[in-house]
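In: Structure here, sequence nowhere to be found:
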């Protein structure tokens, strides 16, 4: 399944460093919702400094409205820093869990796929397997497409987390890390 | 020192220099109303929580200090939503304290519970639910810091009842620690040089001054810049008084009901020196055709304003006063090194031509025909004691007030610009009078607006706050009537209010005010003089005005500023 359909606004990945306080996620999400934009995926967890959390947001918006949203987000008192991550200069990872139909007749084929993709089998049932795969979102898309042929019973993805690549680290993000430490 | 949360709250307000709180008690905020009795803080008991909010705004507007409103939970908090949104739109520093149900009851649909921080999230600069009494001093300190710095705005602090009742060890934070909140006040020097260069090159520059001038206390700096560059200034609805109307370089208000010269000057300009203004749709008309030839310098402390509507050539993020002073310094340096302004004689003569040809105008009333609202405003203006502060509601009377008053000093005009809140003027006038008891405060109101918040005159009478209210009673929701006349083929739908129901004089008297009715031009002056002399209670003067009178000029909604409609009888040629 191609997640950037033609004619659809492109995805943008925002890395938002926030104070780790109650209500922050609601503030960020409602600001985006207020403008009618859809959050495609979202991942939140504390950083190495427990006072801060990092929200990684994927939104499908044109660049110019995104600039306005980014500026508005930056005005939120508990938002410390926002960086837009260009997929070409950042590393992205996502985790997928999937219960896939795999009775005895096709189990071998599913296990082959798991091996090819370097995925893991987490649980084995009579006619199903639960598999997990960690990797970049495109790889997960491919894996998901191939599993679909066998019958996906349930699927859950975490949404991506991302950091800028080291050799071209955004100076803004480095500044935040220094400030946070 | 052990204090209750309530005592800590009031003590924190005292330490923030709060001298007056506008509010109304109720169940959840009850604990905070006990220490108020022992506090030097003056509490003004309002009749409706919306009034408390607008009073806090009026107070903030004229004093520059944050206004404080304190109300209980649930319906009281929801009644505060309108003034919060109003303050948010007009960048008014304000701190609202709301009671909340006890922490254990939050989320259980308890009596008078509502999700106050959820409801007010999008109408406040920041809000916070306090879950521990120990946090109160920090949260209050942060609230005042956030409300008053950067782009000012309303901050709400929601305090559950048990947090007010619990004890805490008193402390007061030395400083605020908000890693995500660092307003930029000084603009990039390279961009300041860039701005100076554009100003030195421009042949048809105009200063487009907005409310940010007043927020930044930058009126002096603005005057210096305008005089140094010999550039005309338009003052938006939010900036009336930021530059004196009597100054030869002042062109007055631009926009939908701006005067023709101010609109045309922006429209034909080659450089907009935008200072603390935000390209509101009421100023720009159709954005695509707004000032099409102009380059834009945009000074604003809020980075999100840069490029929101119009992409600036030189974006300057910073405090208006600081940035203007930097621009002046840069200009002086360059002028000292031999730079000079180009010849702008042709532009100036065009502007003076417009001023001569297209003055604000209205048809004076004939003998025996109804009073003209513009005439009432001219008389109010001419008879007003020096330093009078004017507040207004929203609609025709607001536009006439802005058009016909002469604003010669900053902080003399208080109105609801962004949100356009009907009913703003009476409570805002009360707040303004509390903040500046030395000044005469006139509230210009429409009959529709007056009926929304008039009950606060009971507050004014009780608290001996002698405001003066001029109702321009045209028996209609006048601005809506004007649109129905002009754009809906005179099909008047639900806009008639009746001239004598209610009886405004009796109503005023019932609220402890003096009530005066004015029906003919000869009565106008004596009535205003009488009102100006009354100093011990509020006065309400009802002017029975011509309901067919419309506000001109007018740029119809969505139209280009080039399609300005002038007053009947005025010829467009030359505009």
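Out: Thanks, I have it. Please read these numbers as outputs of a predicted model, since none were measured by experiment.
In: And the strands in chain A, which stretches?
Out: A:11-19, A:39-46, A:52-60, A:79-85, A:90-101, A:120-124, A:128-135, A:152-157, A:161-164 (DSSP state E).
In: Surely residue B:163 touches residue B:133?
Out: Yes: with contact taken as CB atoms under 8 Å, residue B:163 and residue B:133 are classed as touching, separated by 5.0 Å. To be clear about C-beta, it is placed using only N, CA and C from the backbone, and glycine gets the same treatment.
In: the more surrounded of the two?
Out: The residue with the greater number of neighbours, taking residue B:163 and residue B:133 and applying other CB atoms under 10 Å in any protein chain shown, is residue B:163; the counts read 27 against 24.
In: Helix or strand: which one has that one?
Out: In this structure, residue B:163 is located in helix B:161-165 according to DSSP states H and E.
In: got the buried residues for that helix?
Out: For helix B:161-165, a neighbour-count test (16 or more other CB atoms under 10 Å in any protein chain shown) marks B:161-164 as buried.
In: One more: stretch B:235-246?
Out: Of the residues in stretch B:235-246, those buried by neighbour count under the rule 16+ other CB under 10 Å are B:235-245.
In: again, but for stretch B:462-470
Out: Residues B:463, B:465-470 are the ones in stretch B:462-470 that count as buried (16+ other CB under 10 Å).
In: what about the closest residue to chain B within chain A, how many neighbours?
Out: When CB to the nearest CB is the measure, chain A has its nearest residue to chain B at residue A:71, with 3.7 Å between them. Residue A:71 has 17 neighbouring residues, counting by other CB under 10 Å.
In: Skip the chain neighbours and tell me the closest residue to it.
Out: In this structure, residue A:71 finds its nearest non-sequential neighbour in residue B:304, 3.7 Å apart by CB to CB, 6 or more residues apart in numbering or on different chains.
In: Can you get me a residue count around the one you found?
Out: Neighbour count for residue B:304, taken as other CB under 10 Å: 19.
In: Assign it to helix, strand or coil.
Out: Judged by DSSP: H, G, I helix; E, B strand; the rest coil, the three-state class of residue B:304 is helix.
In: which residues sit in contact with it?
Out: Contacts were defined as CB atoms under 8 Å, 6 or more residues apart in numbering or on different chains; by that measure residue B:304 touches A:68, A:71-72, A:74-75.
In: which neighbours do residue B:163 and residue B:133 share?
Out: The contact sets of residue B:163 and residue B:133 overlap at residue B:5 (CB under 8 Å, 6+ apart).
In: Residue of the stretch 201-350 of chain B nearest chain A, please.
Out: Of all residues in the stretch 201-350 of chain B, residue B:304 sits closest to chain A, with a separation of 3.7 Å (CB to the nearest CB).
In: ok, that residue to residue A:52 distance?
Out: Here the criterion is CB to CB, to the nearest Å. By it, residue B:304 lies 22 Å from residue A:52.
In: Centre-most residue in chain B?
Out: Among the residues of chain B, the smallest C-alpha distance to the mean C-alpha position (CA atoms, centre = their mean) belongs to residue B:415, namely 3.9 Å.
In: Neighbours of the residue lying closest to that one once chain neighbours are set aside, how many?
Out: Nearest non-adjacent residue to residue B:415, counting by CB to CB, 6+ apart: residue B:392, 4.6 Å away. Residue B:392 is surrounded by 29 other residues when neighbours are defined as other CB under 10 Å.
In: what's near enough to touch residue B:392?
Out: B:398, B:401-402, B:414-415, B:424-425, B:443-445.
In: where does it fall, phi/psi-wise?
Out: Comment: the main-chain dihedrals of residue B:392 come out as phi -150, psi 160, following degrees, to the nearest 10.
In: likewise residue B:250?
Out: The phi/psi pair for residue B:250 (degrees, to the nearest 10) reads phi -90, psi 130.
In: Relative to residue B:207, how far out is it?
Out: Using CB to CB, one obtains 10 Å as the distance from residue B:250 to residue B:207.
In: Compare the two and say which is more crowded by neighbours.
Out: More neighbours surround residue B:207 than the other of residue B:250 and residue B:207, with 29 against 23 (other CB under 10 Å).
In: which other residues reach the helix or strand containing residue B:381?
Out: With secondary structure defined by DSSP H and E, residue B:381 is part of helix B:373-383. Where contact means CB under 8 Å, 6+ apart, the residues beyond helix B:373-383 that reach it are B:362, B:364-365, B:396-397, B:400-401, B:403-406, B:442, B:444, B:470, B:472, B:474, B:518, B:521, B:524-525, B:528-529, B:532, B:543, B:545-546, B:549.
In: Next one: the residue of the stretch 1-150 of chain B found nearest chain A from residue A:76, what distance?
Out: Nearest residue of the stretch 1-150 of chain B to chain A, counting by CB to the nearest CB: residue B:126, 4.6 Å away. The spacing between residue B:126 and residue A:76, counted by CB to CB, is 8 Å.
In: which ones are touching the most centrally placed residue in chain A?
Out: Centre of chain A computed as the mean C-alpha position; nearest residue by CA atoms, centre = their mean is residue A:160, 1.4 Å away. Contacts here follow CB under 8 Å, 6+ apart; on that basis residue A:160 touches A:13, A:41, A:43, A:56, A:58, A:92-94, A:137.
In: the residue most distant from the middle of chain A, which is it?
Out: Farthest-out residue of chain A from its mean C-alpha position, per CA atoms, centre = their mean: residue A:105, at 33.9 Å.
In: Contact distance from chain B - what residues of chain A qualify?
Out: With the criterion set to CB under 8 Å from any CB of the partner chain, chain A comes near chain B through A:18-19, A:22-23, A:26-27, A:30-31, A:34, A:67-68, A:71-72, A:74-81, A:179-180.
In: Could you rerun that using 6 Å?
Out: Residues of chain A lying near chain B by CB under 6 Å from any CB of the partner chain: A:19, A:71-72, A:75, A:77-80.
In: wait, residue A:79 sits on residue A:18?
Out: Yes: contact between residue A:79 and residue A:18 holds when scored by CB atoms under 6 Å: they sit 5.3 Å apart.
In: so what's residue A:72 up against?
Out: For residue A:72, the residues meeting the contact criterion (CB atoms under 6 Å, 6 or more residues apart in numbering or on different chains) are A:31, B:304.
In: Mark out where each domain of the chain begins and ends.
Out: Reading this off chain A. Segmentation of chain A into domains, based on automatic domain parsing, reads A:11-85, A:91-157.
In: Actually, chain B is the one I wanted.
Out: Taking automatic domain parsing as the domain assignment, the record places the domains of chain B at B:2-169, B:189-357, B:373-544.
In: could you dump those to CSV with distance to residue B:560?
Out: Supplementary listing: the domains of chain B in CSV, determined by distance: least, CB to CB, whole Å:
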stretch, distance to residue B:560
domain B:2-169, 25
domain B:189-357, 4
domain B:373-544, 16
